[in-house]
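Trainee: Kindly generate the corresponding structure for this input.
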Amino acid sequence: MEKYITPLIELLNEMSPYLLLGFLIAGILHEFVPQKIYRTGLSKGNTRSVILAALFGVPLPLCSCGVIPTAMSLRREGVSKGATTSFLISTPQTGVDSILATASLLGAPFALLRPIVAFVTAIIGGCLVNRFDKQDEACSAPLDSSQKSNKSLWKKCVGALEYGFINMLQDIGKWIVIGLVVAAVITILVPDNFFTAYSDKPIVNMFIVMLFSVPMYLCATGSIPIAAALMLKGLSPGAALVLLMAGPATNVAAILVIKKVMGLRTLLIYLSTIIAGAFAFGIIVDYLLPAHWFTSAIVSGEAACCSAEASVWWKSGSSILFALLLAAAFILKYIKPHKHTTMQKEFKIKGMMCNHCKANVERNLSKIEGVTGVTVNLEQGIAYVEGSFDAGLVISCIENLGYEYIRE
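Mentor: Residues are numbered from 1 along each chain as shown. This next block holds a predicted model:
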């Protein structure tokens, strides 16, 4: 049993600091960034929004798990699918920390190539989503900027924590846990020498590296010593680049969340862009560029550990905190709403997907004359409305928000 539990704990320790950072950034963006910035710069399905999202994502030090809550928060603030996809592709592949670590360990050519690959593939992926997935239905009507600006600094800070560590965890926490378990199982099943078995066949090696890099969890910085060690054992520079780009770009948890929030078509474009881009640049490195550019600077030995990695106690503490927050979020999610007075009525609603939708419905229904209280059960799709009010106005409000009232 220990051989199965230990890799899971180690993987959680690697992921949890980035996950916590991602959820925190999601909350900060939600509370402190005016919505007009998203709507004017990133909400339109055009090339400009895709490029801006890629530029925003390249320097951020977020891994493929940490980027999930941030990207999903952007999506729910009104950012287009294309721009969200661009951000999802560019952010985990590289970052300021990983660029510096790559330069010190693998040399300047690798360090320059990584952000270029991330930027190019992000733009291609975002533009393809804009072209082939035009049904751009974001979670409807997020909170308006005036409500955010009227809050005090303290309330904004509390709101950021609540949104990041309760609302976002409730929405995608289950999928992260499922993905983490699957990624741990893959890590257990793949032997250490698997990637070097076909070192004399670069294309085959790239395919094998890709096959296992996509579902596994690797952070952009943590993948560097792995790539260096494999290159010392015979892995080609192009196959190492595939590992450096495809490994950090995605994992099972990211795949599950993207499918749930953005749909199957966007997921397929997202994966295809990452795979094709990593392959294309891997082939360029192996067949068109001088090999010594990518092999002369490799540092051998265990000293390849990155200084950016957190200490054991920090990782363990992050894992414990993440587990506690996840448990608290799910307890709050599944607590049944309290029983209302005899004046309470139920309205079944179709189309609510997340806590953003829940807050949107509660806020708008509470403004109706005669309504004294509103509680939405997101799991059941029911709004419990209290007071003496016109039911027709409630139904009209629900439908005007873009949801469907289910008549019995």
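Trainee: Who are the packing partners of the lengthiest helix in the chain?
Mentor: Taking DSSP state H as the criterion, the chain has its longest helix at helix 2-32. Where contact means 3 or more Cβ pairs under 8 Å, 6 or more residues apart in numbering; DSSP states H and E, helix 2-32 is packed against helix 67-76, helix 153-162, helix 168-189, helix 312-334. In short, each C-beta sits where N, CA and C put it, glycine included.
Trainee: Pull out the buried residues from it.
Mentor: Of the residues in helix 2-32, those with enough neighbours to count as buried (16 or more other Cβ atoms under 10 Å) are 7-8, 11-31.
Trainee: Now it: average pLDDT?
Mentor: The pLDDT scores in helix 2-32 average 75.
Trainee: Ok, stretch 253-269 next?
Mentor: According to the model, stretch 253-269 has a mean pLDDT of 85.
Trainee: buried sites along that stretch?
Mentor: So for stretch 253-269, counting by 16+ other Cβ under 10 Å, buried means 253-263, 266-267, 269.
Trainee: which pair in those spans the largest distance?
Mentor: Largest separation among those by Cβ to Cβ: Ala253 and Ile269, giving 18.8 Å.
Trainee: Domain map for this structure?
Mentor: As assigned by automatic domain parsing, the chain contains the domains 2-329, 345-405.
Trainee: For the residue nearest to the spatial centre of the chain, which non-adjacent residue is closest in space?
Mentor: The centroid of the chain falls nearest to Ile68 when counting by Cα atoms, centre = their mean (1.2 Å). Leaving aside its sequence neighbours, Ile68 sits nearest to Val257 (Cβ to Cβ, 6 or more residues apart in numbering; 5.1 Å).
Trainee: for the helix or strand hosting the one you found, packing partners?
Mentor: Per DSSP states H and E: Val257 is located in helix 252-262. Applying 3+ Cβ pairs under 8 Å, 6+ apart, one finds that helix 252-262 contacts helix 67-76, helix 81-93, helix 168-189, helix 264-287.
Trainee: quick one: that helix to chain centroid distance?
Mentor: Distance of helix 252-262 from its chain centroid, counting by Cα atoms, centre = their mean, to the nearest Å, is 8 Å.
Trainee: do you know how far the residue nearest to the centre of the chain is from Ser16?
Mentor: Ile68 sits at a distance of 13 Å from Ser16 (criterion: Cβ to Cβ, to the nearest Å).
Trainee: Contacts for stretch 344-353 next, please.
Mentor: Residues from elsewhere that reach stretch 344-353, judged by Cβ atoms under 8 Å, 6 or more residues apart in numbering: 139-140, 261, 357-358, 361, 376, 378, 381-386, 391, 394-395, 398, 402-406, 408.
Trainee: Kindly supply the ChimeraX command isolating those of the residues you listed that are buried.
Mentor: Typed into ChimeraX, the line below selects the buried ones among the contacts of stretch 344-353, using 16+ other Cβ under 10 Å:
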select :139,140,261,357,358,361,376,378,381,382,383,384,385,386,394,398,403,405
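Trainee: Which members of the contacts of stretch 344-353 are positioned in helices?
Mentor: Among these, DSSP H puts 261, 357-358, 361, 391, 394-395, 398 in helices.
Trainee: Format these as JSON lines; extra columns: distance to Ala54.
Mentor: Below are these laid out as JSON lines (distance: Cβ to Cβ, whole Å):
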{"residue": "Val261", "distance to Ala54": "19"}
{"residue": "Cys357", "distance to Ala54": "28"}
{"residue": "Lys358", "distance to Ala54": "31"}
{"residue": "Val361", "distance to Ala54": "34"}
{"residue": "Ala391", "distance to Ala54": "48"}
{"residue": "Val394", "distance to Ala54": "43"}
{"residue": "Ile395", "distance to Ala54": "42"}
{"residue": "Ile398", "distance to Ala54": "37"}
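Trainee: now for these, which pair is the farthest apart?
Mentor: Val261 and Ala391 (31.9 Å).
Trainee: a markdown table please, covering the buried residues of stretch 253-269 and showing distance to Ser73.
Mentor: A markdown table is the format used below for the buried residues of stretch 253-269 (distance: Cβ to Cβ, whole Å):
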| residue | distance to Ser73 |
| --- | --- |
| Ala253 | 16 |
| Ala254 | 15 |
| Ile255 | 18 |
| Leu256 | 17 |
| Val257 | 12 |
| Ile258 | 14 |
| Lys259 | 18 |
| Lys260 | 15 |
| Val261 | 11 |
| Met262 | 13 |
| Gly263 | 18 |
| Thr266 | 17 |
| Leu267 | 18 |
| Ile269 | 21 |
